[in-house]
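Q: After the sequence you'll find the predicted model.
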Amino acid sequence: MLKKISIFVVIFAALFVLGLVAQNVIGAGLSKIPIDLEQVPQEDRDKEILRLGIIAELDAINLYEQLAAYATNPHIKELLMDVAREEKTHVGELQALLSKLDEEHGKELEKGKKEVDELLGKEQ
Ligand SMILES: [Fe+2]
């Protein structure tokens, strides 16, 4: 009886994990450009591409960290967390380039950093 319940629990857990992966990979429509870039004016297209890249990298970070949380093999867990870390570097690269193409974006990022520093400075 206990063995049957254990098998049921393992099958349920496996289906749950597969469901989470499917929801993130298929349900969210990843690997597809969510807008028609042809409709974006040429002068804005590169900035739009960078913003879409940032969204994709942030989503990838979440996906890899969630997969790492489910992985039982420590090597897989470590590898997934390392990949998630690399995706954070990619966010930084895309943000840096976007800040050069969109001056306002760069200024507002700096403004946001200062506001957070002030907020944290007040708390400390
Ligand atoms: Fe990446």
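A: Sure, I can see it. Residues are numbered from 1 along each chain as shown.

Q: tell me which element the residue in the chain that the ion sits nearest to is part of?
A: Ranking the residues of the chain by distance to the ion (C-beta to the ion) places His90 first, at 3.7 Å. Just so you know, the C-beta spots here come from the backbone N, C-alpha and C atoms, and that holds for glycine as well. Assigned by DSSP states H and E, His90 belongs to helix 74-101.

Q: Apart from its chain neighbours, what residue comes closest to the residue of the chain closest to the ion?
A: Glu57 (4.7 Å; C-beta to C-beta, 6 or more residues apart in numbering).

Q: Just give me the neighbour total for that neighbour.
A: Close neighbours of Glu57, defined as other C-beta atoms under 10 Å, add up to 19.

Q: interface residues of this structure facing the ion?
A: Residues of the chain lying close to the ion (C-beta under 5 Å from the ion) are Glu57, Glu87, His90.

Q: Just the pLDDT for the last one.
A: In this case it means His90. With respect to pLDDT, His90 has a value of 98.

Q: Same question for the first one.
A: On pLDDT, Glu57 comes in at 97.

Q: ok, which stretches of the protein are helices?
A: 2-22, 42-70, 74-101, 103-123 (DSSP state H).
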